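Visitor: build me a model:
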Amino acid sequence: MIDSFYTNISSSMKKISKPILIAAGWIFVSLGIIGIFVPLMPSTIFFIIAAWCFARSSQRFYDWLINHPRFGKTVKDYYEKRAMPLKSKVYAIVLLVGTISLSAIFFTQKTSVRIILFIIAVSVSAYIISLRTLKKAEPQ
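Guide: Numbering: from 1, shown residues only. Alright, predicted model coming up:
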């Protein structure tokens, strides 16, 4: 009786969460596309989050995203290999440190906020550095 109850709840949650994940995926794809054109707005992270949403809700949308000619390779490399090209790593870290530094200098006077921003910059930079570095000729 209890197993049946939990099975029904699990089934209901999957029915509810699938459309929510698909909608969230498309929201993140939209933000990623905006990020291509807006300076200092990241695009890749939004596509990676969209891939995560689609992988749990729609195989068709996931396949479309990772096979997209413009941004599919980057998403696929990260999602499947946990890797980034060296150029992308350097670009991401430079933008991250630059943006956070400017925020700390010009947009806050509180030392505690500056410390938090510094911790974020160091943590995210360490994560990016920890990812495998793809070689140019690395096979798919």
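Visitor: nearest residue to the middle of the protein?
Guide: The centre of the chain sits closest to residue 45, judged by CA atoms, centre = their mean, with a distance of 2.8 Å.
Visitor: which residue ranges form the helices in this structure?
Guide: Along the chain, the stretches classed as helices by DSSP state H are 2-37, 44-55, 59-66, 72-81, 86-106, 111-130.
Visitor: can you give me the pLDDT of residue 42?
Guide: Predicted confidence (pLDDT) for residue 42: 78.
Visitor: how near is it to residue 77?
Guide: Look at residue 42 and residue 77: by CB to CB, to the nearest Å, they are 16 Å apart. From N, CA and C alone the C-beta is placed, and that goes for glycine too.
Visitor: compare the two (neighbour count), which wins?
Guide: Neighbour totals were compared for residue 42 and residue 77, and residue 77 leads with 20 against 16 (other CB atoms under 10 Å).
Visitor: and that one, how far from residue 53?
Guide: For residue 77, the distance to residue 53 - CB to CB - is 18 Å.
Visitor: hmm, residue 29 is touching residue 49, no?
Guide: No - Residue 29 lies out of contact with residue 49 (CB atoms under 8 Å); the separation is 9.3 Å.
Visitor: for residue 42, which non-adjacent residue is closest in space?
Guide: residue 35 (5.5 Å; CB to CB, 6 or more residues apart in numbering).
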